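[1] need coordinates for the below:
(2 chains)
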Amino acid sequence: MKEINAFEKKSILNTLRYVVNFIWYAQLVIVALILIKTLIHSFSSENSFSWPVYFVATVQEDIVSQSPNVLIKGIRVNDGTLLFDTKNDWQANIMMLLGILIVAFPFIIVTYYIRKVLNSFMGNTPFLKSNLRRIRFIGTLLVLYPIIVYIFGFFYIGYLNANFEGYEFVNSVTLWPLFFGLFALVLSEVFRLGIEYREDHNLTI
Amino acid sequence: MAIIVNLDVMMAKRKMSLNTLSGEVGITLSNLSVLKQSKARAIRFSTLELLCEVLDCQPGDILEYQRDSEGTK
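    Purely as a prediction, here's the structure:
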């Protein structure tokens, strides 16, 4: 069997740890800033936010609701951002905060678990049952994410179509988390085999 | 498991304690305990050779095959 060469022997663990730590702290700061901005704006004027729903509108110009009873006041078509009139409207504020949590939560969880896995690499072996559980969780979450967003979008687009007459919105879905999720699930199988090999090794007298 | 480890039987026959055997064979007490309780997944020929040498027996005296249907461990 061919031995691994110098390039393959070089560990990128430290670089990875720096990158993941940077993403982790940047993510927390960004989410905190968005929440603060939302809370400040909720007492003042119009606020805008993009839900994790992807849709295709058949018009080019921004859409503004004519009805005073509609929660969403308008849609910026170029980036799919929704306009909420958040001033003294608790429903609109809850919608916005919920949207932020839905967008941010999976990515915070995934980064948190990747950090945990990388930190465990500093010990004797990465082939731990806890790492297997973490990677499986990341994979399952990322595979389910587009499916949940699509189902959520189904009802959401229904709401938009019902309240914005004359326009048509079509549900769309982004698939990249699905591929990352599948990769994580493949990686979890590698970890499962690694754990089995380690147990075999430990139980060989 | 179909393979039964009769290490405790051989140790009793030779009137040897686990500590003594561990010292003479050069295996840690915990590894020897794993072997004695039939929890080991594999045994090296070198380990088996040492055990046979110290206990003055054959591999067949330490290891025994039993069919699963005969109510094994």
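[2] when you work out contacts or count neighbours from here on, use the C-alpha atoms and nothing else.
    OK.
[3] tell me the bridge partners for A:F169.
    Note on A:F169: beta-bridge partners A:A57, judged by DSSP bridges.
[4] what is the burial count for it?
    As a burial measure, A:F169 scores 18 neighbours (other C-alpha atoms under 10 Å in any protein chain shown).
[5] contacts for stretch B:4-18 next, please.
    B:29, B:32, B:35-38, B:55, B:61-66, B:73 (C-alpha atoms under 8 Å, 6 or more residues apart in numbering or on different chains).
[6] which of these fall in helices?
    Those of these mapping onto helices are B:29, B:32, B:35-36, B:55, B:61-62, per DSSP state H.
[7] buried members of those into ChimeraX, please.
    Those of the ones in helices among the contacts of stretch B:4-18 that count as buried under 16 or more other C-alpha atoms under 10 Å in any protein chain shown are selected in ChimeraX with:
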select /B:32,35,36,55,62
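[8] among the ones in helices among the contacts of stretch B:4-18, which ones lie close to chain A?
    The overlap between these and the neighbours of chain A (C-alpha under 8 Å from any C-alpha of the partner chain) comes to B:32, B:35.
[9] would you turn the ones in helices among the contacts of stretch B:4-18 into a markdown table with pLDDT and distance to A:L13?
    Listed next are the ones in helices among the contacts of stretch B:4-18 as a markdown table, based on pLDDT from 0 to 100; distance: C-alpha to C-alpha, whole Å:
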| residue | pLDDT | distance to A:L13 |
| --- | --- | --- |
| B:L29 | 89 | 36 |
| B:L32 | 89 | 37 |
| B:L35 | 88 | 37 |
| B:K36 | 87 | 40 |
| B:L55 | 89 | 48 |
| B:D61 | 89 | 49 |
| B:I62 | 89 | 46 |
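[10] farthest-separated two in the ones in helices among the contacts of stretch B:4-18?
    B:L29 and B:D61 (20.7 Å; C-alpha to C-alpha).
[11] which helix in chain A has the most residues?
    Max-length helix for chain A by DSSP H is helix A:129-163.
[12] before we move on, the earlier item: what's the farthest-apart pair in the contacts of stretch B:4-18?
    Using C-alpha to C-alpha, the contacts of stretch B:4-18 reach their maximum pairwise distance at B:L29 and B:Q66, which is 26.3 Å.
[13] redo the contacts of stretch B:4-18 as a markdown table? Include distance to A:V170.
    Converted to a markdown table, these look like this (distance: C-alpha to C-alpha, whole Å):
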| residue | distance to A:V170 |
| --- | --- |
| B:L29 | 68 |
| B:L32 | 67 |
| B:L35 | 65 |
| B:K36 | 67 |
| B:Q37 | 64 |
| B:S38 | 63 |
| B:L55 | 79 |
| B:D61 | 75 |
| B:I62 | 72 |
| B:L63 | 69 |
| B:E64 | 69 |
| B:Y65 | 67 |
| B:Q66 | 66 |
| B:K73 | 62 |
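[14] wait, what's in contact with A:I205?
    Contacts of A:I205 by C-alpha under 8 Å, 6+ apart are B:31-32, B:35, B:40, B:42-44, B:47.
[15] now do the SS call for A:N119.
    A:N119 falls in the helix class when you classify it by DSSP: H, G, I helix; E, B strand; the rest coil.
[16] count the neighbours of it for me.
    Neighbours of A:N119 (other C-alpha under 10 Å): 14.
[17] then A:R76?
    By other C-alpha under 10 Å, neighbour count at A:R76 equals 17.
[18] not counting sequence-adjacent ones, nearest residue to it?
    Among residues not flanking A:R76 along the chain, A:D62 sits closest, at 4.8 Å (C-alpha to C-alpha, 6 or more residues apart in numbering or on different chains).
[19] what residue ranges in chain B score low on pLDDT?
    Along chain B, the model assigns pLDDT under 70 to residues B:1, B:69-73.
[20] what residues does chain A put near chain B?
    Counting by C-alpha under 8 Å from any C-alpha, the residues of chain A close to chain B are A:200, A:203-205.
[21] can you show me the strands along chain B?
    B:3-5, B:63-65 (DSSP state E).
[22] turn the ones you listed into TSV, including distance to A:G153.
    Below are these laid out as TSV (distance: least, C-alpha to C-alpha, whole Å):
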stretch	distance to A:G153
strand B:3-5	58
strand B:63-65	61
